[in-house]
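Peer 1: Could you work out the structure for the sequence below:
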Amino acid sequence: MTVETLLEKLIAFPVLGGEPNLDIINWIKEYVEGYGVSTTLVFNEKKDKASLHCRIGPAVDGGVILSGHTDVIPVEGQDWKTDPFKLVDKGDGKLYARGSCDMKGFIACCLAVLPKMIKSNLKVPIYFAFSYDEEIGCLGAPELIESIQSTYIETPQYAIIGEPTMLQPIIGQKGIYILDITINGSAGHSSRIKQEVSAVHEAARLTMWAEENMQSRIDLNKLDVRFDPPHSSLHVGIIKGGIAPNIIADKAFLTLDIRSIPQDNALDIFKELKMYCQNRERELRPIFPEFKITLKENHPPVPPLNTDENDDVVALLRNITGNHEWSTVSYASEAGQFAKAGFRTIICGPGSIEQAHRANEFISKDQLHKGVLMIKQLVKELENPNS
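Peer 2: The predicted model follows:
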């Protein structure tokens, strides 16, 4: 199959993050096993989702993991001009569909080059690692990585995460941790603001705490100039509370999005937040004994990526892409999880992140074909010299 045909097949599975993905993963399994390659499925607890991994080539240490996710984000509320789950070629050099760029395009490139991998005399193996639920918290990757490490006696060396980067090697990403915060205050007449505890006022104080915590990191020069912004960010994206202007709010809700540079630890920021909340509870419970701030995980912590620019994996990507410039990104991906597991990891894939998560998402045919070429060059790089 051509890479376009493979992408068309993958797009036709409208698997959103959080939804069962067995249709698409079983289709990939059948395709890969059709070339005589054994695959392993890593199921979730309910057995309605699975990641897939396999090894192509010799059972020796070393080799490269090619990793992507099978889920996409919703299209509801977006102004799509075409059917988002049908690959559309308008004749403008672009292929439109949800997931075309993020990141079924990369998976299609991997599958398109599989026949060449099979025929090549590889000196070290290539692994496929395709996950579920990346879009709602990188949930499938940890068990996928654990299964790779327990299934093969041999140890893969590198991991290429095929997020859309216009085939530019990405050596760093920020980590992410998102929290839901619920505040239980006391209702009352607005004239009694000092005799009650306003949940809305406490939500405002928490918002200012986040702003001040972020600014303190800047003031202390906790910076990494490779990123934009060059510091860990704390952002309140949702805040709700109150029912009337003359009623003290007894409930409020907000979300806190933490994006940490590699030098920071999101869990340390969480500890600082928890300490602040405990101090507020101690201070205000004499006024209202049931005052409470509850912190709940919305998006589990995903570690940052911090690959050295002189690492061999960077040199490998330069060789197979021809791109000698590296960069960093502020979004999170499964790359940090692979790196934390000990794989020398980099992000590089076809398409632009500017097209991800928006209506009329597309990948250019040029980028798709260059993605195929990159993986073909990887095969050539890993071939025995005498083959």
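Peer 1: Helices of the chain, start to end?
Peer 2: 3-11, 22-33, 104-119, 141-151, 199-219, 266-284, 312-321, 335-340, 365-382 (DSSP state H).
Peer 1: quick one: contacts for the residue nearest to Thr307 when sequence neighbours are not counted?
Peer 2: Leaving aside its chain neighbours, Thr307 sits nearest to Ile171 (4.2 Å; criterion: Cβ to Cβ, 6 or more residues apart in numbering). All C-beta atoms are positioned from the backbone trio N, CA, C, and that covers glycine. Going by Cβ atoms under 8 Å, 6 or more residues apart in numbering, Ile171 touches Leu305, Asn306, Thr307, Asp308, Glu309, Asp311, Val314, Trp326, Ser327, Thr328, Ile346, Ile347.
Peer 1: show me what contacts the fifth one?
Peer 2: Taking Cβ under 8 Å, 6+ apart, we find Glu309 in contact with Ile171, Trp326.
Peer 1: among the helices of the chain, which is the most enclosed?
Peer 2: Per residue and on average, the most neighbours among these fall to helix 335-340, with a mean of 24 (mean count of other Cβ atoms under 10 Å).
Peer 1: Quick one: list the elements packing against it.
Peer 2: With contacts taken as 3 or more Cβ pairs under 8 Å, 6 or more residues apart in numbering; DSSP states H and E, helix 335-340 sits against helix 141-151, strand 158-161, strand 170-173, strand 305-306, strand 344-347.
Peer 1: how about TSV for the ones you listed, with mean pLDDT added?
Peer 2: Shown next, in TSV, are those (pLDDT from 0 to 100):
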stretch	mean pLDDT
helix 141-151	97
strand 158-161	98
strand 170-173	97
strand 305-306	97
strand 344-347	98
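Peer 1: picking that back up, so which of the helices of the chain is nearest Ala359?
Peer 2: In terms of Cβ to Cβ, the element of the helices of the chain nearest to Ala359 is helix 3-11, at 15.3 Å.
Peer 1: Quick check: the most far-flung residue of the chain relative to its centre vs Tyr276, distance?
Peer 2: In the chain, the residue that sits farthest from the middle, by Cα atoms, centre = their mean, is Ser191; the gap is 47.2 Å. With distances taken as Cβ to Cβ, to the nearest Å, Ser191 is found 29 Å from Tyr276.
Peer 1: before we move on, what about Pro300?
Peer 2: 21 Å.
Peer 1: Name the nearest residue to the residue nearest the centre of the chain, ignoring sequence neighbours.
Peer 2: The residue lying closest to the centre of the chain (Cα atoms, centre = their mean) is Ser333, at 2.6 Å. Excluding its sequence neighbours, the residue lying closest to Ser333 (Cβ to Cβ, 6+ apart) is Glu163, at 5.1 Å.
Peer 1: now the strands for the stretch 51-200 of the chain?
Peer 2: Shown for the stretch 51-200 of the chain, the strands assigned by DSSP state E, counting those that start in this stretch span residues 64-69, 88-89, 94-96, 126-131, 158-161, 170-173, 175-184, 188-189.
Peer 1: Kindly state the domain boundaries assigned to the chain.
Peer 2: As assigned by automatic domain parsing, the chain contains the domains 3-172+304-382, 175-301.
Peer 1: What average pLDDT does the shortest one get?
Peer 2: It stands for domain 175-301. For domain 175-301, the mean pLDDT works out to 97.
Peer 1: first vs last residue of it, how far apart are they?
Peer 2: Criterion Cα to Cα, to the nearest Å; first-to-last residue distance in domain 175-301 is 7 Å.
Peer 1: do the same with stretch 65-82
Peer 2: Criterion Cα to Cα; first-to-last residue distance in stretch 65-82 is 34 Å.
Peer 1: tell me which residues in it are buried?
Peer 2: Ile65, Leu66, Ser67, Gly68, His69, Thr70, Asp71, Val72, Ile73, Val75 (16 or more other Cβ atoms under 10 Å).
Peer 1: Cys348 versus the third one, what's the distance?
Peer 2: In this structure, Ser67 and Cys348 are separated by 11 Å, where distance is defined by Cβ to Cβ.
Peer 1: can you list residues touching both of those two?
Peer 2: Ile160, Ile161, Gly162.
Peer 1: tally of neighbours for the second one?
Peer 2: Put plainly, it is Ile161. Other residues within reach of Ile161, judged by other Cβ atoms under 10 Å, total 31.
Peer 1: same question, Ile287
Peer 2: 13.
Peer 1: How about Tyr96?
Peer 2: Neighbours around Tyr96, by other Cβ under 10 Å: 24.
Peer 1: residues touching the nearest residue to Ile287 once chain neighbours are set aside, list them.
Peer 2: Nearest residue to Ile287, sequence neighbours excluded (Cβ to Cβ, 6+ apart): Val197, at 5.6 Å. Listed by Cβ under 8 Å, 6+ apart, the contact set of Val197 reads Gly185, Ser186, Ile248, Leu284, Ile287, Phe288, Phe291.
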